[in-house]
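*Asks:* Could you look at this predicted model? Sequence included:
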Amino acid sequence: MTPITEVEGRRIALSNLDKVLYPAGGFTKGELLHYYATMADVLLPHLRDRPVSFLRYPDGPDGQVFFTKNVPAGTPEWVTTAEVPRSEGPARMVLVQDLASLMWAANLVTEFHTPQWLIGAPGEADRLVFDLDPGAPATVVECCEVALWLRERLAADGVEAYAKTSGAKGLHLLAAVRAPSERASEYAKGLAVEAERELPRLVVHRMTRSLRAGKVFVDWSQNAARKTTAAPYTVRVGGEPTVSAPVAWEEVRGCRAVEELVFRAGDVVARVREFGDLMAPLLDEGAVLD
C-alpha cells in the first residue's frame, strides 16, 4: 500500500520509500525525500518562479534516465504550472513554489534544473552561469583555478560571482545580473574566449571533445534562454547521492584534491546548518550587463 502523507494541507502519495537509488552506501528513496524536506528552506528560493525541468531516474543510475520538461502526466491540480514560450511553440511546465510541490516532485525521483530567468520575464536573464567541465586528466582542482580567474574578471565588471560544485566532476559559477538572455550569452562567451586566451594551458571555450583533454571547458552556452542548469542543492544521479553544493571562495582557493569538493546529501545538510545558504546573494537584484 502506497503511504499517503500530508504536506501543508496537500495529500501526497509517496512510493517505494525503501528502494535503493544510490548503490554506494545504500541510499534509499526515503532518504532522498528526507533530504529534500530538510533542505527546503534553502532550496525553494532557488526554484521558485522558475519553470523546472526534471531529470528523472526512478530506478537509480542503472535504470532509465530521462528529462521531463512538460507537466508530467498525473500532476495534481494544486501544483502550479505556467505556459513557457519556446521556438517550437509554447509548453506548460511545473513551478515548484512550496514544500508540498517540492515533495511531490522529489517523489518522482528528480534532479531539478532551471533556466537563468523567472517566469514573469522569460528570456530576461537574472542569473549568469558558467559550467566548468574538466577533461581528464584535469579535475575540479583545475576548475578551481579557472573559477578564481573568472571571479576576478567578473568583479572588474562589477559582477559578484558565487561557486557551487556541479555534483559531478566540475564547478558552476553563478552571478546575479540583469540583461536579455542574448546579451548574457554574448557576455559569457566573451569571457570564456578571454579566459582561453589568458589561460591557454587550462581553458577551452569550445565544446569539441578533441580539444578538451587536460583542460577545463568553460561552457557559457547555458545562458541561452532555452537552456537549464542543475539547481543549487539538487542531488545528482550517480553511484552516490552527491549534491550540487554551494562552496565558499576560501574552499575554492584551497582545493588541492578532488575529494575536498565532493559533498553528499548528509554533508550538505550539516554545511547548511553551519553556514546557511552560501548562494543567498543570488536572490538579490543583480548588476546590469552593458
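*Replies:* Sure, I can see it.
*Asks:* just the strands in the stretch 151-290 of the chain please.
*Replies:* Taking DSSP state E, counting those that start in this stretch, the strands of the stretch 151-290 of the chain run over residues 161-165, 171-180, 203-204, 216-219, 229-230, 246-247, 287-288.
*Asks:* Now tell me which helix or strand of this structure has the poorest mean pLDDT.
*Replies:* Least confident helix or strand of the chain, by mean pLDDT, DSSP states H and E, is strand 4-7 with a mean of 86.
*Asks:* Now that strand - C-alpha only, PDB.
*Replies:* Extracted in PDB, the C-alpha atoms of strand 4-7 (Å, rounded to 0.1, in the frame of the first residue of the first chain):
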ATOM      1  CA  ILE A   4      -0.100   9.000   2.000                       C
ATOM      2  CA  THR A   5       1.400  12.000   3.800                       C
ATOM      3  CA  GLU A   6       0.000  15.500   4.200                       C
ATOM      4  CA  VAL A   7       2.300  18.400   3.500                       C
END
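*Asks:* what packs against it?
*Replies:* If you count contacts as 3 or more CB pairs under 8 Å, 6 or more residues apart in numbering; DSSP states H and E, strand 4-7 packs onto strand 10-13, helix 99-107. All C-beta atoms are positioned from the backbone trio N, CA, C, and that covers glycine.
*Asks:* Just the C-alphas of whatever helix or strand comes next after the longest one, formatted as PDB.
*Replies:* Spelled out, that is helix 99-107. Downstream of helix 99-107, the next assigned helix or strand under DSSP states H and E is strand 110-114. Extracted in PDB, the C-alpha atoms of strand 110-114 (Å, rounded to 0.1, in the frame of the first residue of the first chain):
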ATOM      1  CA  THR A 110      14.400  14.000  -9.900                       C
ATOM      2  CA  GLU A 111      17.300  16.300 -10.400                       C
ATOM      3  CA  PHE A 112      16.000  19.900 -10.500                       C
ATOM      4  CA  HIS A 113      17.200  22.000 -13.500                       C
ATOM      5  CA  THR A 114      16.200  25.600 -14.000                       C
END
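*Asks:* Export stretch 227-238 to PDB, keeping only CA atoms.
*Replies:* The C-alpha trace of stretch 227-238 is given here as PDB (Å, rounded to 0.1, in the frame of the first residue of the first chain):
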ATOM      1  CA  LYS A 227      19.000  26.100 -21.600                       C
ATOM      2  CA  THR A 228      18.900  25.000 -18.000                       C
ATOM      3  CA  THR A 229      21.400  24.200 -15.200                       C
ATOM      4  CA  ALA A 230      21.300  22.000 -12.200                       C
ATOM      5  CA  ALA A 231      19.800  24.000  -9.300                       C
ATOM      6  CA  PRO A 232      21.800  24.600  -6.100                       C
ATOM      7  CA  TYR A 233      21.200  21.800  -3.600                       C
ATOM      8  CA  THR A 234      19.900  19.300  -6.100                       C
ATOM      9  CA  VAL A 235      21.000  15.700  -5.700                       C
ATOM     10  CA  ARG A 236      22.700  14.400  -8.900                       C
ATOM     11  CA  VAL A 237      22.100  11.000 -10.400                       C
ATOM     12  CA  GLY A 238      25.100   8.600  -9.900                       C
END
